[in-house]
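Q: no sequence for this one, just the structure:
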């Protein structure tokens with residue numbers, strides 16, 4: 001009877017020991033799985049950080065190239081490249097592509113309406129008909145500049161709206177990127193407006209010069225490319241207007 005009791009006691013002591021060992025094994029396995037998951041999350045975090053940094057570099061690059069007037073080519077906004085910031089990259093692409101398109105269209109229209117570099121005085125103002133034709137070109141230039149200005153302002157409003165509606169990942173990195181992007185956008189917009197206003201001033205000065213000559217028809221002759229007025233006051237006024245065109249031409253810088 002004592003032997004049976006001893007055997008039962010032995011069994012009672014051994015059984016909890018086996019359960020404890022199995023529990024330790026299960027805990028060790030669970031802990032191992034958690035470590036693997038944690039490492040996977042860490043690895044994923046690193047990859048996502050790299051994609052966000054790629055988005056930051058890309059957006060900064062294409063925006064800066066617009067400011068520097070260097071060639072710009074946008075890439076597709078793929079999630080595999082830019083992660084959760086791909087939608088923001090897409091907005092930047094739309095912004096830059098629109099500006100590039102507006103620039104190309106303006107250049108095309110200016111090239112078709114611009115005065116030839118080697119245009120002679122006679123072709124430009126040698127007759128009432130020549131002056132009239134030159135003023136028509138000026139009018140076309142004004143229309144092209146007005147269309148460009150409307151396009152630039154419309155694009156700014158559109159991108160402002162999209163950035164305002166943008167729902168991102170709400171991180172400090174993203175907030176800084178958007179702030180930096182908006183700063184670059186403002187710098188480029190201000191530059192475009194400055195150059196546009198310079199162009200408008202130059203075109204207006206040219207038209208004023210042509211308008212003056214048109215109003216003085218029959219009161220001057222052109223000889224050897226030089227305008228000779230019969231009145232000294234007309235000479236002074238013409239020189240003033242022509243000088244203004246020359247000065248604005250020096251200041252003007254095309255994109």
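A: Yep, it's here. Given the structure is predicted, the values throughout are model-derived calculations rather than measurements.
Q: Which helix or strand contains residue 221?
A: strand 220-223 (DSSP states H and E).
Q: Low-confidence regions, the stretch 101-250 of the chain specifically.
A: Counting by pLDDT under 70, the stretch 101-250 of the chain contains low-confidence ranges at 114-120.
Q: Tell me the helices and strands packed up against the helix or strand harbouring residue 188.
A: Using DSSP H and E, residue 188 maps to helix 172-215. Helices and strands touching helix 172-215, by 3 or more Cβ pairs under 8 Å, 6 or more residues apart in numbering; DSSP states H and E, are helix 2-68, helix 86-113, helix 128-165, helix 232-251. All C-beta spots, glycine's among them, are computed from the backbone N, C-alpha and C.
Q: so residue 131 touches residue 212, yeah?
A: No: assessed by Cβ atoms under 8 Å, residue 131 is found out of contact with residue 212, at 10.0 Å.
Q: More neighbours: these two, which one.
A: Here residue 131 and residue 212 are compared on neighbour count by other Cβ atoms under 10 Å; more neighbours surround residue 131, at 19 against 16.
Q: Let me see the contact set for the residue nearest the centre of the chain.
A: Residue closest to the average C-alpha location in the chain (Cα atoms, centre = their mean): residue 96, at 4.0 Å. By Cβ atoms under 8 Å, 6 or more residues apart in numbering, the contact set of residue 96 is 62, 63, 66, 72, 74.
Q: now swap in residue 168 and tell me
A: For residue 168, the contacting residues are 84, 85, 87, 88, 174, 178, by Cβ under 8 Å, 6+ apart.
Q: Grab the nearest non-local neighbour of residue 113.
A: residue 140 (4.2 Å; Cβ to Cβ, 6 or more residues apart in numbering).
Q: What is the three-state secondary structure of residue 228?
A: Using DSSP: H, G, I helix; E, B strand; the rest coil, the structure places residue 228 in strand.
Q: got the contact list for it?
A: If you count contacts by Cβ under 8 Å, 6+ apart, residue 228 has them with 220, 221, 222.
Q: and if we set it to 7 Å?
A: Counting by Cβ atoms under 7 Å, 6 or more residues apart in numbering, residue 228 makes contact with 220, 221.
Q: before we move on, what about residue 98?
A: residue 155.
Q: if we can go back for a sec, tell me how far the residue nearest to residue 113 lies from residue 110.
A: Applying Cβ to Cβ, to the nearest Å, the value for residue 140 to residue 110 is 9 Å.
Q: what do you get for residue 64?
A: Using Cβ to Cβ, residue 64 is found at 25 Å from residue 110.
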